[in-house]
Structure formats: C-alpha cells, structure tokens
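*Asks:* Please find the sequence and the predicted model below.
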Amino acid sequence: MPMLLLYVHLLVSHSHLAQGSASGWRFGSFIDGGSEGSRIYVMRWRPSPRPESEIICPEVVGDSSIAPGVASFALTPAAAGASLEPLIRFARKTLHEERHRWGEIPLFLRATAGMRLLFPDERESILENIRTYFRTLPFLFRDDMASVATGEEEGVFGWISANYLMGNLKPDEVPSSHSTVGSLDLGGASTQIVFMPQKSTIQHAFPLHLGPHRVQVYSYSFLHFGQREAAHRTASTVISDALLAVQSETTVSHPCFAKGYIYTPMFSYSGETFAPIQVKMNGTSDFQGCEDLVKRIFNKDAPCLIERCSFYGVYQPRVYAVPFLAFAHFAEIVNDLGLPADAQLEDLKTATRYVCSLTMRQLEMLFARVTDEYVRTHLCFHATFAYTLLHYGYELKENQITFKSTHGGKPIDWAVGAMIYEINQDPSLSSFTAVNASSKTPAARMV
C-alpha cells in the first residue's frame, strides 16, 4: 500500500507540473537598478511553439520599489546585494503559487546611469556582491543576468516598451518610422532618445531582432543629462560664474529656484556631499534667467563633424514628423505641473514660466499636491530643463510629443522592454517546447 500511494503521488505531481506549463504561463522578474532607486517587475508571458514567427510580450503582474539605488553603495559594496532583499521578498510573495517552479523563473538585474557614472572597480564590486547574493536564491540566475545596461540599450528597451504597449509591434507588419513612435526617457543621471528614422542612419544605429523582424533604430544616451545630474551641472556653472566674477563662492543666486528658498547642492545620490566647498544658493524666481542658464550646459556650439547634431556634437538624424512618447520623469513633470498628457511644448513652457515666477510661500501653497518636498522645490528647474532639452536640445516641434507614464493602465518602463528583448533573444524563454522539457525535470528528480 505505501508503494502504491507513492506511485499515485508521483503521477499527480507530474500531472500538476505538466498542467502548470501547459496552461501557457512563464514567469520572470526584472530589477531596474536605477540611479535614484531600484524597482522589481514580476511578469508573465505565454511561450510559443514557433517563437521565430511572433513577438513574445510579457505582462506585469506586480512591481515594488526601494531607495536608494545600487550605485549609492560605491563605498560599501558588501551591502549592495542585501539592500535588494525587500524586492526579492516581494517576488517570492507574488510568485508563491509557482514555488514548485522557482528554479525555472529567471531573475534579471540591469543597472543604469548611476552605475555608469562610477569607476570600473566600484561598478564591479557592487555587481559581484549582487551576483553572490542572487546565487543563494531559488530562482534561475546566471552571472550575466546581472549587469550594467549601456545607455543605448536602456533607450532601446524603453522604445520597445512604449511601442509594445501602444500596439505597434505586430508579427505581420515590419516596424517602420510610420508605424512606431519615438521614445524619450528621462532619468536621474541620463536621458535617452530612440526612434526609427525615415532615412538611413550613419551613426548610433542599434540592430533589433523581434520575432520575425530585424530592424535598426537610432539610439543615443546622454550621460550626465538626467535631471539630477543636470541640476549638479547647472549648479557648477553658477559657482564657476561667481568665482570668475570674484564674488562669494559660498552664497550665490540661482534663478531656477523660488525666492525664499535656499538650495544647497549635494553633488551625489547618497545624501553625502563630495563638493570641495559648501555653497548656499538663494532662489530668485527667474524663468528667463533659468532657461538661459540651462541652455549653457548643452554646449550647442560643439563642433558637429557630420551632417546634423543635436547637442554636444552628437549626430542625430532628422526627426521630420516622427511622433514621440515622453515618459519617466518627463511625464512626471508634466503631471506635477497639472498639464494633460496631450500638452504641447508651448503649454509646457507657459506652465514652467508660471511656476518659476512663484515665491517659496506661493509654491508651497499652490503646489501642495506635489507632496515630495524635493520634487516640489525643484519643479521650476525640472520643468525648465525638460522643456529646454526637448525644444532646444533635440529640436522637437509642436504637436510631436505625448507625455505619459502608462498606457492602458500598464507602465511604460524600459525594464518591461528589456524583458521583451531577453525573451525574444532566448529560445529557452520564448519556446513552448523548452518549457515542456524543463517542466519534466523536477518530476524526474522526485522519482
């Protein structure tokens, strides 16, 4: 009788595993190691018997975030892996019913511009500690699944996410400049522009393989042009001007902050200051002065050695009438200003001019709904920088941009696009046959 019960148990267990994979769902987790914090997305997707003929796209079933970002552990890399434990707990909880298959569920981490700003040894120390921690987990993980994404990869993954959610990626239609939108991503340390040009691209072309399609997009990432890094660069310009004018270098004026607010630049993400001097900047509520100041960090006078450049001498093919979707901090800024998703550049400029005219007391009263103090006090600078980047930096036009952070209730995030990319590159993740083969392994071990 005990042998019979054991035999029946094994049959039921094998049947359960086979049913689990046959129902169609694969699961995976992806951690966005951003410069300001980390966020995990738990996703599911249906593999295909013929993945080469379709584009496999996952859906988000849950997400959670923590702060600070992994780059803040440059001086204490041994704490980097453990800092992600709350995200792993979230994944375990979300995937609890799939615990019998955790060994088949991949766990990815891609760090972004905050890590790209570090020295190579600092980056590798943080990554190795994270990898060491991930190896102790029950999920599917290889060392190459935790890395630093290049700026171009980050931009392309955002483009994939935006176009997937908007229904522009179809197996029976080759993506083109007429059927896709360009993507504009703004983070804390970098910003990315990606689009399919109407004509050929002579630099910064990124090849993509999505299902049956092989295409190229233009992708460029500007490191140091995320909104926090831009604030640091702008503050450095203010300090340099004061020193050149033989003024006090400890108390100066900053046009991008409200009258009555004293801004103390920290020049870091961890809350510690690494500046050689302590500086207090008095806000002057001056939009025109702020715009003029921000324009200076774009270095539009840099030599352009080929047909056309955006800024800093970087080649950018002509945009023509390609529509763009601006997400991440771009969309957050527009929302904080109280503008709709279809707001145009002139609307953004008008709202920015208004918020930059307010005193600190007026700002706190009229924008009390912006509950994050840092975001509220920096709203004038953030909005001016976003407008200047889009209009002056990229030279985009009216009626060319839509601002949104979600579409159809789903987040537009480069991490989602990165998972789409990983699934479509790896037959073990996209193929239904691979799932069936792997699902038999636990039953065989049980026998």
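*Replies:* That came in fine, so what should we check first?

*Asks:* what does the strand or helix carrying residue 193 contact?
*Replies:* Using DSSP states H and E, residue 193 maps to strand 190-195. The contact list for strand 190-195 (C-beta atoms under 8 Å, 6 or more residues apart in numbering) reads 35, 112-113, 116, 151-152, 154-156, 158-159, 177, 180-185, 206, 217-226, 229, 310, 316, 319, 322, 324, 389, 394. C-beta here means a position set from N, CA and C on the backbone, and glycine is covered the same way.

*Asks:* In helices only, show me the residues you listed.
*Replies:* 113, 116, 151-152, 154-156, 158-159, 229 (DSSP state H).

*Asks:* residue contacts, the closest residue to residue 197 other than its chain neighbours?
*Replies:* With sequence-adjacent residues excluded and distances taken as C-beta to C-beta, 6 or more residues apart in numbering, residue 197 is closest to residue 317, at 4.1 Å. Residue 317 sits next to 197, 199-202, 218, 308 when contact means C-beta under 8 Å, 6+ apart.

*Asks:* Just flag the most distant two among those residues.
*Replies:* The most widely separated members of the contacts of residue 317 are 200 and 308, with 12.8 Å between them, by C-beta to C-beta.

*Asks:* just for the chain, where's the confidence low?
*Replies:* Scanning the chain for pLDDT under 70 picks out the ranges 1-23, 246-250, 267-277, 433-447.

*Asks:* show me the biggest strand of it in terms of residues.
*Replies:* Criterion DSSP state E: the longest strand present in the chain is strand 213-223.

*Asks:* got the angle for it vs strand 190-195?
*Replies:* Taking axes from the mean of the first three to the mean of the last three C-alpha atoms, to 10 degrees, one finds strand 213-223 and strand 190-195 inclined to each other by 150 degrees.

*Asks:* Who are the packing partners of strand 213-223?
*Replies:* Applying 3 or more C-beta pairs under 8 Å, 6 or more residues apart in numbering; DSSP states H and E, one finds that strand 213-223 makes contact with helix 113-116, helix 151-165, strand 190-195, strand 205-210.

*Asks:* can we see that at 7 Å?
*Replies:* helix 151-165, strand 190-195, strand 205-210 (3 or more C-beta pairs under 7 Å, 6 or more residues apart in numbering; DSSP states H and E).

*Asks:* Pull out the buried residues from it.
*Replies:* 213, 217-222 (16 or more other C-beta atoms under 10 Å).

*Asks:* now the helices for the stretch 201-350 of the chain?
*Replies:* Applying DSSP state H, counting those that start in this stretch to the stretch 201-350 of the chain gives helices spanning 227-244, 287-296, 329-336, 345-355.

*Asks:* ok, back up a step: of the contacts of residue 317, which belong to strands?
*Replies:* Within the contacts of residue 317, membership in strands is found for residue 218, as judged by DSSP E.

*Asks:* Closest one of the contacts of residue 317 to residue 76?
*Replies:* Ranked by distance to residue 76 (C-beta to C-beta), these are led by residue 218 at 38.5 Å.

*Asks:* Isn't that closest one up against residue 200?
*Replies:* No. Counting by C-beta atoms under 7 Å, residue 218 does not reach residue 200; the two are 10.1 Å apart.

*Asks:* Specify the local secondary structure of residue 123.
*Replies:* The three-state label given to residue 123 by DSSP: H, G, I helix; E, B strand; the rest coil is helix.

*Asks:* so what's it closest to, chain neighbours aside?
*Replies:* residue 115 (5.4 Å).

*Asks:* Check whether the one you found really touches residue 71, as I assumed.
*Replies:* Yes. Under the criterion of C-beta under 7 Å, residue 115 makes contact with residue 71 at 4.8 Å.

*Asks:* List the contacts of residue 126.
*Replies:* Under the criterion of C-beta atoms under 7 Å, 6 or more residues apart in numbering, the neighbours of residue 126 are 70, 73-74, 77, 80, 115.
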